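Peer 1: coords below, sequence missing:
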Ligand SMILES: NC(=O)c1ccc[n+]([C@@H]2O[C@H](COP(=O)([O-])OP(=O)(O)OC[C@H]3O[C@@H](n4cnc5c(N)ncnc54)[C@H](OP(=O)(O)O)[C@@H]3O)[C@@H](O)[C@H]2O)c1
């Protein structure tokens, strides 16, 4: 049976996006006529059936679209029962972001991960991960992403900028340019504010949530002993201020949602590549860093909101 055959006659739904091929159904009980679930689209790749009288006793059915990773085309829809006790996360970014998405998706307590990307769609191995293209400086797109999510228990922002497009971190004040400054602020600072603004209503409904952004130790004002990298440092210090300020607001408004800044360590990635050639002491693979960061987030409590954590669980001064 194709999804067209299933949805259109049974639910009067014809507007569900892309072409379908096969559809494996796993409904716990057959539903009776007249009790039709409503189809709600929550993302480009998934949808939920919901109905108060749904005979599966409030159990929602989740339809996830599988993408063929090689041909990058639609493969099939898989329908599964939605478990409301498990967590739903949104993670942004590439190297560290993908490693975090895989690490969380491997956790039994996690039901789904929405992983956003901008230029290169990541190849992911877990079927729990749905990828979505998103430019985090586009506020309308950020808002729309959250409008299409039904539930959210955690946000990890792992996008950032250090060099590229002919721009480099500045070794001295004479190298500073407005282009470098604005680029760093745009990529390292603004996305966190937009993510917090537009995920707030969803995180508020979670019984145990978290909101975090990958910062960098060089964003600590107190820890700055080397100087240089003006724009990157400034953009991460500004990011830290946003997270600290958010933690104060949300300690009242969203008391079940701790806010944290995270330092991932030095990690092999496109971002760090030009600066790790000359015998950096400790360099992590993305998977190692993600495993350290996950441990911190797994143990984060609301009482610990508003802090800046290094990969090893120690605190970094703001
Ligand atoms: N790697 C390290 O050693 C290290 C150390 C300390 C802190 N960090 C921080 O860790 C975070 C992740 O870095 P990474 O090592 O994983 O670097 P990465 O592989 O270069 O990933 C950063 C990603 O951010 C994306 N991005 C930038 N601006 C964006 C926007 N407006 N909307 C959507 N995506 C955007 C980039 O997308 P495009 O591909 O489209 O450009 C890029 O893929 C960064 O915040 C970085 O500052 C990294």
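Peer 2: Structure's in. What do you need? Quick caveat: nothing in here was measured; it's all calculated off a predicted structure.

Peer 1: can you list contacts of stretch 115-127?
Peer 2: 64, 66, 69, 72, 78, 90-94, 97-98, 101-102, 105-106, 113, 129-136, 145, 159 (CB atoms under 8 Å, 6 or more residues apart in numbering). Placement of C-beta: from N, CA and C, glycine included.

Peer 1: for the ligand, what are the nearby residues on the stretch 101-250 of the chain?
Peer 2: Applying CB under 6 Å from any ligand atom, one finds that the stretch 101-250 of the chain approaches the ligand through 118-120, 135-137, 158-161, 187-188, 191, 214, 216.

Peer 1: and which of those residues is nearest the ligand?
Peer 2: residue 160 (2.2 Å; CB to the nearest ligand atom).

Peer 1: correct me, but that closest one touches residue 270?
Peer 2: No: the criterion here is CB atoms under 8 Å, and residue 160 misses it with residue 270 at 10.6 Å.

Peer 1: the two - which one has more neighbours?
Peer 2: When neighbours are counted by other CB atoms under 10 Å, residue 160 comes out ahead of the other of residue 160 and residue 270, with 25 against 12.

Peer 1: nearest residue to that one other than its sequence neighbours?
Peer 2: residue 188 (5.1 Å; CB to CB, 6 or more residues apart in numbering).

Peer 1: would you agree the one you found is in contact with residue 157?
Peer 2: No: counting by CB under 8 Å, residue 188 stays clear of residue 157, with 9.8 Å between them.

Peer 1: count of residues packed around residue 173?
Peer 2: Neighbours of residue 173 (other CB under 10 Å): 9.

Peer 1: which residues does it contact?
Peer 2: Contacts of residue 173 (CB under 8 Å, 6+ apart): residue 230.

Peer 1: now it: how far from residue 186?
Peer 2: Between residue 173 and residue 186 the distance, using CB to CB, to the nearest Å, works out to 21 Å.

Peer 1: repeat that for residue 104.
Peer 2: 27 Å.

Peer 1: just residue 133 next, same as before
Peer 2: In this structure, residue 133 and residue 186 are 18 Å apart, going by CB to CB.

Peer 1: follow-up on the earlier one: looking at residue 104 and residue 186, which one has more neighbours?
Peer 2: Per other CB under 10 Å, whichever of residue 104 and residue 186 has more neighbours is residue 104, with 26 against 14.

Peer 1: what subset of the contacts of stretch 115-127 is buried?
Peer 2: For those, a neighbour count by 16 or more other CB atoms under 10 Å gives the buried set as 64, 78, 90-94, 97-98, 101-102, 105, 113, 129-132, 134, 136, 145, 159.

Peer 1: now, which of those lie within strands?
Peer 2: Among these, the members found in strands (DSSP state E) are 64, 78, 90, 91, 92, 93, 113, 129, 130, 131, 132.

Peer 1: the strands in the stretch 101-250 of the chain, which residues?
Peer 2: 110-117, 129-133, 154-158, 210-214 (DSSP state E, counting those that start in this stretch).

Peer 1: quick one: terminal-to-terminal distance for stretch 272-292?
Peer 2: This stretch, stretch 272-292, spans 18 Å end to end (CA to CA, to the nearest Å).

Peer 1: and that stretch, is it in reach of the ligand?
Peer 2: Yes: against the ligand, stretch 272-292 shows contacts by CB under 6 Å from any ligand atom at residue 272.

Peer 1: worst mean pLDDT across the helices and strands of this structure, which element?
Peer 2: Sorting the helices and strands of the chain by mean pLDDT, DSSP states H and E puts strand 38-43 at the bottom, at a mean of 32.
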